[in-house]
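> return atomic coordinates for the entry below.
(one chain, ligands or ions: 1)
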Amino acid sequence: MRYLSTRGGTPALRFSEALGAGLAPDGGLYVPERLPRLDAADVAALPDDSLAATLTALLRPLLGDDPLAPQLPALCAEAAAFEIPLVPLAGRGDHLIELFHGPTAAFKDLAARFLAAALSALRPPEAPVQTVLVATSGDTGAAVGAAFHGREGFRVLILYPEGKVSPAQAHSLGAFGGNVRALRVAGTFDDCQRLAKQALADAALRAGRPLLTANSISLGRLLPQMGWYAMHALRFQRRHGRRLNFIIPSGNLGNALAALMARAMGLPLGEVLLATNANPTLAEFAAGAPYRGRDAIPTLANAMDVGAPSNFERLRWLAGGDEAAARALVQVRRIDDARIRATVASAGARHGIAPCPHTACGLAALEDLRAAGDTRDWAVAATAHASKFLDVVGPLLAHAPAMPPAFAALLARPARAERIEADYAALRAAI
Ligand SMILES: *Cc1c(COP(=O)(O)O)cnc(C)c1O
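A predicted model of the protein is given here:
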């Protein structure tokens, strides 16, 4: 299997070459030259007993004869070393797929761990230390920091916007120590991204020290997310004889695209509905307007504050390059901040859970479907644990949600972040 740019203007790469790449040189995104299609017999033979087993089976045709292929089972086992349970909620047919049981309590752990394990496996023993640069609005930086923490041959620099991530997120970013450094940038998330891009484009800097990014558009961060949808869709269909439908809180569209790709490969997922916050890009597109990226607006579900979803081009690719066909692949529901607050506040009584603000967007979309008479089986993706966003959910809940132990242990460590101005000279000096 080879990987091509969505814009078609760059040479084909192997999986292990494309895995950690950001944008392709022509500005497109890497995609497989063709998506493998599993027939009914292949799907019937897929394992569903563990996430690692399902993921290994799904990724195998996507790697083909890649040098990493022999290590694929070990990489998946290392990445997926935690449970992703499907939990029934109080209402009939309502489920939560809890993606937040990794070390930093958000779904980004799985794929960040896969990418780190794969890059480690590819690293020649004598290679110089590689610097992983990551700009984050919160969850990505912690997941990437945790995934590379203590890995020989790598150091991580996390750039985050000062005062614009939750207090728990800020602490977690600075708490790794060792080979993971946090830089608190006096600016916005866009400034952080701009600085990281500038460093990656700085040939003189890169000549002296190898730089990588663990950007969310890399294939290593995208493809592993197919695993949890595939595993639960298989289990559900085998147990109940029906398809499970998914509601996925979305920003850059990575997690939801992975679900759509798994379905396109032949896995028995039902509908995929995207829940967004107040950022209107995807909802307007789904309602029939031509795609138009724009600046993000800040909301309570800040990990989804995206005005130009970076994976949109892959959605269009999945639909054969056609916008109308891409529109037909997804439904979108847009949830504003007032609705997020109301959903968090009522989720205990209505669903028996305390959701994070992102998960609340998904629950609100589910409530809308039920109010319209929908009786199908739906699983809402719980993308982070509520305790990461206590500043938002705390005032709305009678009891503060307890921290998952791994994340609590991270927060119990002392944290340190170096402050830099939002200009490139400051970042270059820090590197
Ligand atoms: C990153 C993130 C999202 C958005 O996921 P995308 O793959 O960018 O659509 C949603 N919720 C949480 C908690 C996140 O960290």
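> ends of stretch 250-268, how far apart?
End-to-end distance of stretch 250-268 (C-alpha to C-alpha, to the nearest Å): 21 Å.
> list the buried residues for it?
In terms of neighbour count (16 or more other C-beta atoms under 10 Å), stretch 250-268 has its buried residues at 250-263, 265-268. Where you see a C-beta, it was placed from the backbone N, CA and C, and this is true even at glycine.
> and it, what's its mean pLDDT?
The average pLDDT for stretch 250-268 rounds to 97.
> contacts only, for the residue nearest the centre of the chain.
Centroid-nearest residue in the chain: residue 108, 4.6 Å away (criterion: C-alpha atoms, centre = their mean). Contacts were defined as C-beta atoms under 8 Å, 6 or more residues apart in numbering; by that measure residue 108 touches 102, 139, 140, 142, 143, 144, 216, 221.
> mind listing what's buried along stretch 293-307?
296, 299, 300, 301, 302, 303, 304, 305, 306.
> same check, this time on stretch 388-398
Buried residues in stretch 388-398 (16+ other C-beta under 10 Å): 388, 389, 390, 392, 393, 396, 397.
> now swap in stretch 267-278 and tell me
Applying 16+ other C-beta under 10 Å to stretch 267-278 flags 267, 268, 269, 270, 271, 272, 273, 274, 275, 276, 277, 278 as buried.
> out of the buried residues of stretch 293-307, which is nearest to residue 126?
residue 303 (38.1 Å; C-beta to C-beta).
> and that closest one, how close does it get to the ligand?
Residue 303 is 3 Å from the ligand, where distance means C-beta to the nearest ligand atom, to the nearest Å.
> surely that residue is in contact with residue 359?
No. Contact criterion C-beta atoms under 8 Å: residue 303 and residue 359 do not qualify, at 10.8 Å.
> what sits in contact with each of the two?
383, 384.
> contacting residues for the residue in the stretch 51-200 of the chain that the ligand sits nearest to?
Closest approach between the stretch 51-200 of the chain and the ligand, counting by C-beta to the nearest ligand atom: residue 139, at 3.3 Å. Contacts of residue 139 were listed using C-beta under 8 Å, 6+ apart, and they are 104, 106, 107, 108, 169, 303, 384, 388.
> which bits of the chain sit near the ligand?
Contacts of the chain with the ligand, taken as C-beta under 6 Å from any ligand atom, map to 106, 108, 139, 249-256, 303-304, 358, 383-384.
> do that again at 8 Å, thanks
Residues of the chain lying near the ligand by C-beta under 8 Å from any ligand atom: 100, 106-108, 138-140, 216, 225, 248-257, 274, 301, 303-304, 306, 309-311, 356, 358-359, 383-384, 388.
> mind checking which of these land in helices?
In this view, these that belong to helices under DSSP state H are 108, 139, 140, 254, 255, 256, 257, 358, 359.
> could those be laid out in JSON lines, adding distance to residue 74?
Shown next, in JSON lines, are these (distance: C-beta to C-beta, whole Å):
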{"residue": "108", "distance to residue 74": "21"}
{"residue": "139", "distance to residue 74": "26"}
{"residue": "140", "distance to residue 74": "25"}
{"residue": "254", "distance to residue 74": "24"}
{"residue": "255", "distance to residue 74": "24"}
{"residue": "256", "distance to residue 74": "28"}
{"residue": "257", "distance to residue 74": "26"}
{"residue": "358", "distance to residue 74": "31"}
{"residue": "359", "distance to residue 74": "31"}
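> what is the most widely separated pair among the residues you listed?
So, these by C-beta to C-beta: farthest apart are 257 and 359, at 18.7 Å.
> how about the strands of the chain, start to end?
3-5, 30-32, 86-88, 94-98, 130-135, 154-161, 180-186, 211-213, 244-249, 269-276, 331-334, 378-382, 417-421 (DSSP state E).
> worst mean pLDDT among these?
Among the strands of the chain, strand 211-213 carries the lowest mean pLDDT (a mean of 86).
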